[in-house]
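Q: Provided below for reference: sequence and predicted model.
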Amino acid sequence: MATDTFLRLPREKQERFLRAAWNEFTSCPYESVSINRIIQAAQVSRGSFYQYFSGKHDLFIYLLKNLIDTASKLFLAQMTVHQDDIFEAILGMYDMIVWQAASPKPDQPQARLAQLFRLNPDLEGTQFTEQLDLDIIGQQTRELLERQGCRVADHEVQPVLHLILSIGFTNLVAAMRCPKKQDVFRRQMLTQLEILRRGLTPDADQASHP
């Protein structure tokens, strides 16, 4: 991750460096990314680069973490729009990212996300979820689900969270890589979420006979 040296840089210098890094990572596959091109565009020395990050992979993880942080804020906004309905918020997030990725501006998180997946066939959604604090998010998810009448036992919290993340990321990644089938993946995600919702919510007979 970023060193204290990088985090203490003036904001303008940080932003110039990160713009150069994003331009490089969204212009070619990961294996072709060049530190030399990044430092030339950012106007820093190679020595300075290694004072900021331990290497290319370290920088890439930092960029992914920034994307996750931005996506988390966007998701909270979707939760507000959909009155804390986590299933509707996931669909709303999918629609927003797909719609914005269709006519992107180069510096938009949605455009960067789409380009990363298009350039890197081996990149998986799990590389994003690994940047999340799953314990905290798991408890938040449980509270939201229980507000909607869904029962989640202690031992089910992490498996349920992984199911939700898998459904969301798998279909979003597929849509980013195959734009012509975005409607297909949306319908698939809707069906999967409805199955999950129905499976978590007891019917009237079950509720009356615990």
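A: Noted; the coordinates are in hand. Numbering: from 1, shown residues only.
Q: gap between Gly125 and Thr170?
A: In this view, Gly125 and Thr170 are 6 Å apart by C-beta to C-beta, to the nearest Å. Just so you know, the C-beta spots here come from the backbone N, C-alpha and C atoms, and that holds for glycine as well.
Q: sorry, slip of the keys, the one I care about is Phe6.
A: Distance from Phe6 to Thr170, by C-beta to C-beta: 33 Å.
Q: show me the shaky parts of the protein.
A: Within the chain, the set of residues satisfying pLDDT under 70 comprises 103-104, 106, 201-210.
Q: and the longest helix along it, what's buried?
A: Taking DSSP state H as the criterion, the chain has its longest helix at helix 56-81. The neighbour-count check on helix 56-81 (16 or more other C-beta atoms under 10 Å) flags 56, 59-67, 71, 74-75, 78-79 as buried.
Q: nearest to Val152 among these?
A: Met79 (17.2 Å; C-beta to C-beta).
Q: the closest one and Phe87 touch, don't they?
A: No. Met79 is not in contact with Phe87 according to C-beta atoms under 8 Å; the separation is 10.9 Å.
Q: name the residues contacting each of the two.
A: The contact sets of Met79 and Phe87 do not overlap (C-beta atoms under 8 Å, 6 or more residues apart in numbering).
Q: what count of nearby residues applies to the residue lying closest to Arg112 once chain neighbours are set aside?
A: Closest residue to Arg112 apart from its sequence neighbours, by C-beta to C-beta, 6 or more residues apart in numbering: Thr26 at 5.6 Å. By the measure other C-beta atoms under 10 Å, the count of residues near Thr26 is 19.
Q: isn't Thr26 up against Leu116?
A: Yes. Contact criterion C-beta under 8 Å: Thr26 and Leu116 qualify, at 6.6 Å.
Q: phi first, then psi, for Met29.
A: Let me fix one detail, which is that residue 29 is Pro and not Met. Main-chain torsions, Pro29, degrees, to the nearest 10: phi -60, psi 160.
Q: ok, now how distant is it from Gly92?
A: From Pro29 over to Gly92 (counting by C-beta to C-beta), the distance is 31 Å.
Q: which one's more surrounded, those two?
A: Just comparing Pro29 and Gly92: by other C-beta under 10 Å the higher neighbour count belongs to Gly92, 18 against 14.
Q: separation between that one and Asn171?
A: In terms of C-beta to C-beta, Gly92 sits 14 Å off from Asn171.
Q: cool, Glu146 as well?
A: Distance from Glu146 to Asn171, by C-beta to C-beta: 25 Å.
Q: without its sequence neighbours, what residue ends up closest to the spatially most central residue of the chain?
A: Closest to where the C-alpha atoms of the chain average out (C-alpha atoms, centre = their mean) is Ile68, at 4.6 Å. Using C-beta to C-beta, 6+ apart and skipping the chain neighbours, the partner closest in space to Ile68 is Gln131 (4.7 Å).
Q: and Glu146 and Asn171? Which one has more around it.
A: Asn171 (25 against 12).
Q: is the more buried one within a helix or a strand, and which one?
A: Per DSSP states H and E, Asn171 falls inside helix 157-177.
Q: following that helix, which helix or strand shows up next?
A: Using DSSP H and E, the next helix or strand after helix 157-177 towards the C-terminus is helix 182-200.
Q: buried residues, that next one. List them.
A: Per 16+ other C-beta under 10 Å, helix 182-200 contains these buried residues: 182, 185-186, 188-190, 192-193, 196-197, 200.
Q: okay then, goodbye and thanks.
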